[in-house]
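Engineer: pasted the sequence and its predicted model underneath.
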Amino acid sequence: MPSKAPAKPLATKQPGTSTTRSKDKTRRKPKQPLPAPERLCRLFTSLCAQIDGGHFANAIKTCDKILRLEPNDPDAMQTKLFLLLQTEQYTPAMALIDTLDASSAFKFDFGKAYSLYRLHRETEATAALDTIKLRGQQNGDEEDRGVIHLEAQLAYREGAYQTAFDLYTQLLDTAEPHSEEHSDLLINLAAAQAHIDFLDSGYRNALGTLSASAASAVESAPPPLLPMHSVFTSAFAQDTRKQEGGDDQEKGKKIRMKRLPKSVVLGVTPPPDPERWLKKSERSSFAMQSKRRKGGGGATQGIVEKENTGAGVSGGKGRRKK
């Protein structure tokens, strides 16, 4: 008999192959955080992209991340203030300016004045503008156009229309034609001019259109009372009117109609069945239906022959055949 081939030796695992690989995977060190300069570079790159895309809310969050790494970064601070003003968050903008040191806070005085103006704190806004103008005069700087714009807006809001008109004219003389600023200045200038014309001669023309009795009544009328006093008097008058007309209102008060479903129309929709609360077997309609069923004839198929009375038969009995 031929000899059998020798059996192949079993493969033996080499020590330290798969186990060492698994141990190496578990022993891998965690990634080290990026250094601060590289993180700042990436954050500023994403900040520029967010501002270009108009994602101001995310851009404010990115500014906060930058300020955590560099609390005194002027670019991040100025960008965040700009974003807060763009999104009309004037109270947070004021809080941001208040956290700055005195050495760097003066750079954001205009933002503070603008925030005060938008928050209707005109007295503080005017004081902030005066501080900016005084500092510019001491340093010999040219007057900022933004400061003149804001000063004109404050004058217009406080009723100093001639001052606002002069400031708008000054800005219009140095503005570029066919620009957005030029068109805005023309609109503001026309509004200030309309108020000035009305105060100078417009009200006189309006009085001239009235009748003699109405004009004399307007001219002889006393000046208006203080706002607070007028508020109290009007409230007192309303209370007295309510007390006087309370009885009349109670007499003339209409009786509230019963609530009806939206699908029900009075005079059109039939009234509901009065026996709807009874069982079907107890209703009169059910009894009528049962009588009809009992009174029917039992034949349901074929025909029923009538009895022959003989009235319609002609002739008599037939003869029997033999």
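Structural biologist: Yes, it's here.

Engineer: next, Pro33: secondary structure please.
Structural biologist: The local conformation at Pro33, judged by DSSP: H, G, I helix; E, B strand; the rest coil, is coil.

Engineer: backbone torsions only: list them for Pro33.
Structural biologist: As for Pro33, its main-chain torsions (degrees, to the nearest 10) stand at phi -60, psi 150.

Engineer: again with Ala221
Structural biologist: phi -70, psi 140.

Engineer: kindly report the same for Trp277.
Structural biologist: Dihedral pair for Trp277: phi -90, psi -10, per degrees, to the nearest 10.

Engineer: burial count for it?
Structural biologist: 8 (other C-beta atoms under 10 Å). Using the backbone N, CA and C atoms, a C-beta is placed for each residue, glycine as well.

Engineer: now swap in His149 and tell me
Structural biologist: 18.

Engineer: check which element follows the helix or strand harbouring it along the chain.
Structural biologist: Using DSSP states H and E, the element containing His149 is helix 145-157. As assigned by DSSP H and E, the chain's next helix or strand after helix 145-157 is helix 161-173.

Engineer: helices and strands around that following helix, which ones?
Structural biologist: helix 145-157, helix 180-197 (3 or more C-beta pairs under 8 Å, 6 or more residues apart in numbering; DSSP states H and E).

Engineer: and it, C-alpha only, in PDB?
Structural biologist: Output in PDB follows, covering the C-alpha atoms of helix 161-173 (Å, rounded to 0.1, in the frame of the first residue of the first chain):
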ATOM      1  CA  TYR A 161     -35.300 121.800  13.300                       C
ATOM      2  CA  GLN A 162     -33.200 124.700  12.200                       C
ATOM      3  CA  THR A 163     -30.100 123.200  13.800                       C
ATOM      4  CA  ALA A 164     -30.900 119.900  12.100                       C
ATOM      5  CA  PHE A 165     -31.400 121.700   8.800                       C
ATOM      6  CA  ASP A 166     -28.000 123.400   9.000                       C
ATOM      7  CA  LEU A 167     -26.200 120.100   9.900                       C
ATOM      8  CA  TYR A 168     -27.900 118.300   7.100                       C
ATOM      9  CA  THR A 169     -27.000 121.000   4.600                       C
ATOM     10  CA  GLN A 170     -23.300 120.800   5.800                       C
ATOM     11  CA  LEU A 171     -23.300 117.100   5.200                       C
ATOM     12  CA  LEU A 172     -25.000 117.400   1.800                       C
ATOM     13  CA  ASP A 173     -22.400 119.900   0.500                       C
END
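
Engineer: name the surrounding residues that touch that helix.
Structural biologist: Contacts with helix 161-173, where a contact means C-beta atoms under 8 Å, 6 or more residues apart in numbering, come from 145, 148-149, 151-153, 155-156, 181-182, 185-186, 188-189, 192-193, 195-196, 199.

Engineer: so Ile60 touches Leu85, yeah?
Structural biologist: No - counting by C-beta atoms under 8 Å, Ile60 does not reach Leu85; the two are 11.3 Å apart.

Engineer: which one's more surrounded, the two?
Structural biologist: Ile60 (19 against 16).

Engineer: pull out the buried residues from whatever helix or strand the more buried one lives in.
Structural biologist: If you go by DSSP H and E, Ile60 is part of helix 56-69. Burial within helix 56-69, assessed by neighbour count using 16 or more other C-beta atoms under 10 Å, is assigned to 59-60, 62-63, 66.

Engineer: which of the residues you listed sits closest to Val264?
Structural biologist: Nearest to Val264 among the buried residues of helix 56-69 is Ile60, at 56.7 Å by C-beta to C-beta.
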